[in-house]
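1. show me the folded form of this:
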Amino acid sequence: MRILFFILFMLFLPLVKGQNLTAVQIYTDDQLLNLIKENKHLGQVVLDECQLVQDIEARALKAKMPSYQFLWGDMLAYGVCVKKDIPLGLYYMRLAADQGLVEGIEQLGRYYHIGKFMQVDINQAISFLKAAAAMNNLAAQMRLALIYQQGYGSPLDYPSLYSQLHHAITDDKKEHQKITRLLTQLASKMPDKVVNASKQKIYTN
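-> Presented below is the predicted three-dimensional model:
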């Protein structure tokens with residue numbers, strides 16, 4: 001009887017498992033980019049019970065999609081659903097940044113600024129953040145303003161950043177208040193005529 005019960009159990013086990021496991025569809029590029037912008041990409045992979053690891057890896061390594069290179073790099077760096085490998089994770093983040101993924105550029109700038117996974121390097125941080133700021137990444141613009149406020153960077157770069165922040169759009173009240181403070185701080189470092197000119201000009205690079 002025990003042998004018969006075991007055989008029946010093994011036959012019905014896949015059916016039982018199938019009832020509890022819902023197949024997850026791979027994210028579209030737009031869906032993934034939105035998750036990355038909201039910093040929910042790693043959380044979503046976990047919520048999906050790590051079912052998409054192979055698909056994510058394939059899109060990062062074979063299809064070389066920058067959004068998936070970024071996701072794969074983040075997964076490796078933090079050890080989410082895969083074995084942790086920080087150097088390899090940063091490698092794929094850089095590939096995404098090299099392809100122009102602004103979120104990847106901003107994140108590398110942030111890591112250099114705070115010393116996450118690497119030593120603090122303000123010059124490298126400024127270089128990445130300036131590139132992301134020119135692509136209208138608000139997080140990069142605000143972080144860059146904080147760095148300038150601490151005395152780093154060149155005063156020649158203040159007008160372009162002031163213009164970018166002045167023309168930034170957000171419906172988040174806290175972000176709006178922070179931008180206002182940063183603009184006031186930047187304005188204190190420039191002549192009034194430069195501030196006024198910066199309000200009129202939109203810098204894109």
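2. show me where pLDDT drops low in this protein?
-> Filtered on pLDDT under 70, the chain yields the residue ranges 1-22, 202-205.
3. torsion angles phi and psi at Asp171?
-> Main-chain torsions, Asp171, degrees, to the nearest 10: phi -100, psi 10.
4. run a quick neighbour tally on it.
-> Applying other CB atoms under 10 Å, we find 6 residues neighbouring Asp171. Bear in mind the C-beta positions are built from the backbone N, C-alpha and C, glycine included.
5. how far away is it from Asp30?
-> Asp171 is 20 Å from Asp30, where distance means CB to CB, to the nearest Å.
6. cool, Gln119 as well?
-> Counting by CB to CB, the gap from Gln119 to Asp30 is 35 Å.
7. please apply the same query to Pro191.
-> On the measure of CB to CB, Pro191 and Asp30 end up 43 Å apart.
8. leaving out sequence neighbours, find the closest residue to Leu88.
-> Counting by CB to CB, 6 or more residues apart in numbering, Leu76 is the residue found nearest to Leu88 once chain neighbours are left out, at 5.2 Å.
9. tell me the contacts of the most centrally placed residue in the chain?
-> Per CA atoms, centre = their mean, the C-alpha nearest to the average position across the chain is that of Glu103, at 4.0 Å. Remark: with contacts taken as CB atoms under 8 Å, 6 or more residues apart in numbering, Glu103 is in contact with 33, 36-37, 70, 96, 137.
10. do Ala131 as well
-> Ala131 neighbours (CB under 8 Å, 6+ apart): 105, 109.
11. let's see it at 7 Å
-> Ile105 (CB atoms under 7 Å, 6 or more residues apart in numbering).
12. so how far is Val80 from it?
-> For Ala131 relative to Val80 (CB to CB), the value is 26 Å.
13. do the same with Gly115
-> 21 Å.
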